[in-house]
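[1] Okay, structure incoming, though there's no sequence with it:
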């Protein structure tokens, strides 16, 4: 492909008249949902576009009303879809945008965009970009500016051309995310710790992942690759968020310990400059065991908790998902993290085709016995295995029970293959727990009370007497482990409230 050159807007010495694509608001970047934090998908793309001379506007419909005026003035609209929930909402939003501004160029970009590119290009989007999206997005807008409606750009899919995700280091200087026009940090989820709620920021020190967990949507896109974000960029991004009021930083890397030297260098520098700022990270159980020696230092630098994709306490399920850890490993990692003075917050895939009803009961009992009730948001008990197009599970023929035997046809509009559990009681339990969890979230119910209700549902589905309400389930005031106030999760289905907000 011939490189697309950004042309000057006016000859030297002439009065500058911006080209239409370079006027403020000609490019609109929209976020639908990014786990309750200020959207880095829009901020990072915005930084690259500003560096190239554009002046994008931003809209985050998770905290802002849909603004038809901003949509009408846009020539290009980019919708960030880094996760399943965001994609479901993004497609609904794309329909609104088409009605308000049918002539704009509409691009969906992010992890889940490339997994569903062929479907999205039928009648939702003009362009789709996956992987390291920033460079292709800049090149796409530059090409559109020059009148190329179907440009041949690496990483950019359009009608008649499906491109592989862009997985190269950017040829541009990596800019700091453009957060100046995004909603203020105090409109997003906060850290809840020691009876206080603190404003929180969000950064990524790396993207992609070295590991190949079969159910993970990162795997079919990045295929075991990961990319480091330059340290100075991460630190400058942290600095601008601290100046905006952040007292806590979430490192949203798929696995913060993929590159431990890079990660440690960043948190050391952050702690030296901002000793009062705390942080949290995400790391595999496998890495918590392998890199246990660095956990005490993470705690000293201000790490309050580690999110880890425990997924299941069943060795059978863990094997099918190729998680790289066992049930015993989970308990060892929990002990290691706690000894370091850090809390562990497990994420779960509570329902899979291999999860038995006894596994469901064991999940609740284990959470209680391991004192994890306050460390798990109730939505985790409702998470059902998502199998999107391209999932590594679809090609896992070495399993004792390949997942395809449970699958129905692809629900393309739902961006997943629906599956049916061989025990109908498990599917009924998932349905009842999902309703209960969403209802509890609407009412702001204490997580301990919700836990007890969900466990009762599971025992009754198994036709067994539920255990007596555990003393720790009572909503009494006591020291609770640190947590973010966002009650939902990336792999959960969108709530009715989230969908209704978009009409």
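    Yep, that arrived. Everything numeric here is computed off the predicted structure, so don't read it as measured data. Residues are numbered from 1 along each chain as shown.
[2] show me the contacts for residue 485.
    Shown in contact with residue 485 (CB atoms under 8 Å, 6 or more residues apart in numbering): 36, 189, 190, 191, 192, 197. C-betas here are computed from N, CA, C, even on glycine.
[3] Same question for residue 341.
    Shown in contact with residue 341 (CB under 8 Å, 6+ apart): 296, 299.
[4] again, 10 Å this time
    295, 296, 298, 299, 300, 303, 304 (CB atoms under 10 Å, 6 or more residues apart in numbering).
[5] Show me where the stretch 401-503 of the chain has its strands.
    407-411, 416-419, 483-484 (DSSP state E, counting those that start in this stretch).
[6] Domain parsing of the chain, as residue ranges.
    20-158, 190-485 (automatic domain parsing).
[7] Looking at the contacts of residue 341, point me to the pair that's furthest apart.
    Using CB to CB, the contacts of residue 341 reach their maximum pairwise distance at 296 and 304, which is 13.9 Å.
[8] More neighbours: which of these two?
    residue 304 (21 against 15; other CB atoms under 10 Å).
[9] Quick check on the residue lying closest to that one once chain neighbours are set aside: phi, psi?
    Closest residue to residue 304 apart from its sequence neighbours, by CB to CB, 6 or more residues apart in numbering: residue 482 at 4.3 Å. Backbone torsions of residue 482, given as degrees, to the nearest 10, read phi -60, psi 150.
[10] Contacts only, for the nearest residue to residue 437 once chain neighbours are set aside.
    Counting by CB to CB, 6+ apart, residue 382 is the residue found nearest to residue 437 once chain neighbours are left out, at 4.5 Å. By CB under 10 Å, 6+ apart, the residues touching residue 382 are 348, 350-351, 429-438, 454, 489, 492-493.
[11] what's the distance between the residue nearest to residue 292 when sequence neighbours are not counted and residue 293?
    Nearest-residue entry for residue 292: residue 336, 4.8 Å, with adjacent residues in sequence omitted and distances by CB to CB, 6+ apart. Residue 336 sits 10 Å away from residue 293, going by CB to CB, to the nearest Å.
[12] the more surrounded of the two?
    Legend: neighbour count by other CB under 10 Å for residue 336 and residue 293, higher for residue 336 (19 against 10).
[13] average pLDDT across the helix or strand hosting that one?
    Element membership for residue 336 (DSSP states H and E) is helix 327-339. Throughout helix 327-339, pLDDT has a mean value of 98.
[14] try stretch 189-197
    The model assigns stretch 189-197 a mean pLDDT of 96.
[15] Please point out which parts of that stretch sit buried.
    189, 190, 191, 192, 193 (16 or more other CB atoms under 10 Å).
[16] can you put those residues in JSON lines and add secondary structure and distance to residue 278?
    JSON lines is the format used below for those (DSSP: H, G, I helix; E, B strand; the rest coil; distance: CB to CB, whole Å):
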{"residue": "189", "secondary structure": "coil", "distance to residue 278": "15"}
{"residue": "190", "secondary structure": "strand", "distance to residue 278": "12"}
{"residue": "191", "secondary structure": "strand", "distance to residue 278": "7"}
{"residue": "192", "secondary structure": "strand", "distance to residue 278": "12"}
{"residue": "193", "secondary structure": "strand", "distance to residue 278": "7"}
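[17] before we move on, the earlier item: burial-wise, tell me which of the strands of the stretch 401-503 of the chain comes out on top.
    Mean neighbour count, computed with mean count of other CB atoms under 10 Å, is highest for strand 483-484 among the strands of the stretch 401-503 of the chain, reaching a mean of 22.
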